[in-house]
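> Below are the sequence and a predicted model; questions follow.
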Amino acid sequence: MSGLEIKDITKSFGNFTAVDNANLSVPHGKFVCLLGPSGCGKTTLLRMIAGLEDPSGGAILLDGEDITPVPTHKRNLGMVFQSLALFPHLTVGDNIAYPLRIRGASREEQKKRAGDLLRLIHLSGYEDRPVSKLSGGQRQRVAIARALALAPRLFLLDEPLSALDAKLREAMQVELRQLQQRLGITTFVVTHDQREAMTMADLVVVMGNGKILQAAPPIEIYRKPADAFVADFIGMTNLLDATMDGAGRVSVLGQAIPGLAMPGGTAKATLSIRPEDVHLGPAGGNAITGTVTFVRDLGGTIETFVEAGGKSIVAVATPRERPDVAAGQQVGVTLPAEACVVLKS
């Protein structure tokens, strides 16, 4: 196929399996986020794509060519490491031109390419500035420009924004995504930050315990998680026990929710519903009855915590939709069927 294909890739270190039989197909020009908790195998998978780790089994194909045995320097990849690895004794321009220099490009070609990339990253005029005089965000851009100097077939980044403060990190997420869209280059970013993945990616690959648990567009990952781990890891969600009642309906905390079905005919499952989809109203009727335990006003949103049947349910509303409730008050909790996902336990 055209693009990158990962086929049955496995990586073991002694008795420990870091990546377990991973399969993934990525068309040209996609922005992919490898997402998961520390130790899930995402960095190891990226390093195998880069050729920095040899797989224990499986193959990696780029445009139909098996690049598994091809050394890193012959794969034509651009990489940005968490440490950035800029040369402190070189200027901004010389840092960007360094890959061209070691390939034997002329000084004129190096200067032109560095100038083009500086314009691309909005740092024109910084050619002669020492990298030590740059801000964190500027150094990040220089590292990106250097990785792009050789017009790579793939662009790989390992936690590239983790050292930045929150505000700068969010700004760089947007800049990196816009840059990738302008260049149309297939990009892989390793992150443990689900907000970062949701902001940037065309394709989110959620990993856990060395396995790819789900690979899909961000909105599908958010709205249709493959399992409880994915649902819980991506954003905030309410995970509640679901059972089959005597009438064959899905029941949560003793309340039947018409329109839902149990997966695979099982008698027990886990229901996932996002806090923004939980509705609060007067107690009684067909709603689950609970007691408000805490209300947290975050300015842009209001979180209401409700205890029902020994479980805590979180509801999120905007200031305009703010429910008129207070701690200690009994409320009715409605879980709309169209917003619920029933997952195998």
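Perfect, thanks for sending it. Numbers count the residues shown, from 1 in each chain.
> Show the average pLDDT along stretch 65-74.
Stretch 65-74 comes out with an average pLDDT of 94.
> Repeat that for stretch 92-101.
92.
> Same check on stretch 10-24?
In the prediction, stretch 10-24 has an average pLDDT of 96.
> List the buried residues of that stretch.
10-11, 17-19, 22, 24 (16 or more other C-beta atoms under 10 Å). Where C-beta positions appear, they are placed from N, C-alpha and C, glycine not excepted.
> Residue 130: neighbouring residues, count only.
Number of residues near residue 130 (other C-beta atoms under 10 Å) recorded here: 13.
> ok so, going back, could you export the buried residues of stretch 10-24 as JSON lines, including distance to residue 237?
Below are the buried residues of stretch 10-24 laid out as JSON lines (distance: C-beta to C-beta, whole Å):
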{"residue": "10", "distance to residue 237": "31"}
{"residue": "11", "distance to residue 237": "31"}
{"residue": "17", "distance to residue 237": "28"}
{"residue": "18", "distance to residue 237": "28"}
{"residue": "19", "distance to residue 237": "26"}
{"residue": "22", "distance to residue 237": "25"}
{"residue": "24", "distance to residue 237": "25"}
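> Give me the neighbour count for residue 216.
Using other C-beta under 10 Å as the criterion, residue 216 is surrounded by 18 other residues.
> Return the residues in contact with it.
By C-beta atoms under 8 Å, 6 or more residues apart in numbering, residue 216 lies in contact with 203-204, 224.
> can we see that at 7 Å?
Going by C-beta atoms under 7 Å, 6 or more residues apart in numbering, residue 216 touches residue 204.
> From residue 35, how far out is it?
11 Å (C-beta to C-beta, to the nearest Å).
> Identify the contacts common to those two.
Counting by C-beta under 7 Å, 6+ apart, the residues touching both residue 216 and residue 35 are residue 204.
> among the buried residues of stretch 10-24, which are in strands?
Using DSSP state E, the subset of the buried residues of stretch 10-24 located in strands is 10-11, 17-19, 22, 24.
> For the residue nearest in space to the middle of the chain, grab phi and psi.
Nearest residue to the geometric centre of the chain (C-alpha atoms, centre = their mean): residue 197, 2.8 Å. Dihedral pair for residue 197: phi -60, psi -40, per degrees, to the nearest 10.
> same thing with residue 15?
Backbone geometry at residue 15, expressed as degrees, to the nearest 10, gives phi -90, psi 0.
> Check residue 211 too.
Dihedral angles for residue 211 - degrees, to the nearest 10 - are phi -110, psi 150.
> That one against residue 20, yeah?
Yes. Counting by C-beta atoms under 7 Å, residue 20 is a contact partner of residue 211 at 5.1 Å.
> What is the most widely separated pair among the ones in strands among the buried residues of stretch 10-24?
Farthest-apart pair in these is 17 and 24; separation 17.0 Å (C-beta to C-beta).
> Would you map the helices across the stretch 101-250 of the chain?
107-120, 136-148, 166-183, 194-200, 218-223, 228-233 (DSSP state H, counting those that start in this stretch).
> For the second one, what is the distance to the chain centroid?
Here the centre of helix 136-148 is set off from its chain's centre by 21 Å, with C-alpha atoms, centre = their mean, to the nearest Å.
> No more questions from me, cheers.
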